[in-house]
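# Below are the sequence and a predicted model for it; my questions follow.
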Amino acid sequence: MKCALITGGSRGIGKAICIQLAKDTSYHILINYNSNEAAAKDTLAAVELAGGTAEIIQFNVTNSDQVKTKLDSWQENNKEAIIEVIVNNAGITKDGLFMWMPQNDWQDVINTSLNGFYNVTNHLIQKLLRNRYGRVVNIASVSGVKGTAGQTNYSAAKGAIVGVTKALAQEVAKRNVTVNAVAPGFIKTDMTDELDEKELKKLIPANRFGEAEEVAHVVSFLISKKASYITGEVININGGIYS
C-alpha cells in the first residue's frame, strides 16, 4: 500500500489536496490533524466520496516525540505500507506588527510551519531514500517569497520553507526524491475569512481570491510521475500579485 501523508489535512488547502489526490492518484491518504477531529472526519468522507481510501492520523507537528510515536505505531500496524509522498501543509498565522509581537506569536508560527516540516520530513526521509522514490511538497506562501507587512513571523517561517526546499532538493535528487514548494497568495479558506476580500482583490491582477482546489491541482501534478524532473522549485499561485 502506497500512501501520501498530508499534514494539516482536515481543512482549507490541506483538505482540497486530500480530495484532489483521491481523484488523481491511487495513494491511500493519511489525513493528519491536530485538534479538529470533526473536520478531519469530514475530509475523510469527502475523500471516500471522491473514490479514494484514507484514514485519519492525529498528531501535533510541533511535537517531535508525538510525531515519531504516532507515525511509528501506524507503521507497526501497517507493515506493508510505504509513505511515498509528504505534503507539509500544517501552518498557523498570528498576525501583528513586529514591534508589538509577543515572543509566543513569533515562536508558535515558526514552530508549526518550519519545525513541523523538520519533525515530519526528517523522520520519514530515510525511507524515501531507501526506496529510491519519493515526493515532498511544502506549502509556502506569497509571504515567504515577497514578505508581507504584519506577518513577519509567517513570512520568516515560509521564507525558511523556501530555503529548505531548495537545499534538500539537491541532497536527495539522486535517489529520485523530488522536493518542491507551492506559494499560494490569497486563497479562500478559514485562514483568509477575516480579510476584506473586496478591498484586497483590487491589488490582485486576476481580481479575485484563489480557490483551494487551484492549489491542490498543482500539488497533485508535483507528486505525479509527470513532474519527475522538477525539483527545488517554488511555484507561485497568486493571481499575479507577485512573481
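That came in fine, so what should we check first?
# Give me the next element, helix or strand, following the helix or strand hosting E76.
Using DSSP states H and E, E76 sits within helix 64-77. Per DSSP H and E, the first helix or strand lying C-terminal to helix 64-77 is strand 82-88.
# export that next one as CSV, just CAs?
Taking C-alpha atoms only, strand 82-88 is exported to CSV below (Å, rounded to 0.1, in the frame of the first residue of the first chain):
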residue,chain,number,x,y,z
ILE,A,82,5.1,2.8,2.4
ILE,A,83,4.7,6.6,2.8
GLU,A,84,5.9,7.8,-0.6
VAL,A,85,4.5,11.3,-0.5
ILE,A,86,4.8,14.0,2.2
VAL,A,87,2.8,17.2,1.8
ASN,A,88,3.8,19.7,4.6
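# Tell me which other helices or strands that strand touches.
If you count contacts as 3 or more CB pairs under 8 Å, 6 or more residues apart in numbering; DSSP states H and E, strand 82-88 packs onto strand 2-6, helix 12-24, helix 116-131, strand 134-139. For glycine as for every other residue, the C-beta is placed from the backbone atoms N, C-alpha and C.
# Okay, buried residues for the third one please.
Think helix 116-131. Residues G116, F117, N119, V120, T121, H123, L124, I125, L128, L129 are the ones in helix 116-131 that count as buried (16 or more other CB atoms under 10 Å).
# what's around L97, how many residues?
10 (other CB atoms under 10 Å).
# residues making contact with stretch 108-120?
For stretch 108-120, contacts defined as CB atoms under 8 Å, 6 or more residues apart in numbering pick out 5, 7, 61-64, 67-68, 71, 86, 88, 90-94, 138, 153-154, 156-158, 160-161, 164.
# Just the buried ones from the residues you listed?
5, 7, 61-64, 67, 71, 86, 88, 90-94, 138, 153-154, 156-158, 160-161, 164.
# Which helix or strand lies directly C-terminal to the helix or strand bottoming out on mean pLDDT in the chain?
Within the chain, no helix or strand scores below helix 197-200, which has a mean of 85 by mean pLDDT, DSSP states H and E. As assigned by DSSP H and E, the chain's next helix or strand after helix 197-200 is helix 212-222.
# sorry, back to before: tell me what the helix holding E76 is packed against?
Judged by 3+ CB pairs under 8 Å, 6+ apart, the packing partners of helix 64-77 are strand 53-58, helix 116-131.
# Just send the ones you listed back as a markdown table, with mean pLDDT and distance to K201 too.
Listed next are the helices and strands packed on helix 64-77 as a markdown table, based on pLDDT from 0 to 100; distance: least, CB to CB, whole Å:
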| stretch | mean pLDDT | distance to K201 |
| --- | --- | --- |
| strand 53-58 | 98 | 34 |
| helix 116-131 | 98 | 30 |
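# Quick one: the ones you listed as CSV, columns for distance to A183 too.
CSV is the format used below for these (distance: least, CB to CB, whole Å):
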stretch, distance to A183
strand 53-58, 26
helix 116-131, 14
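# Great, nothing more from me.
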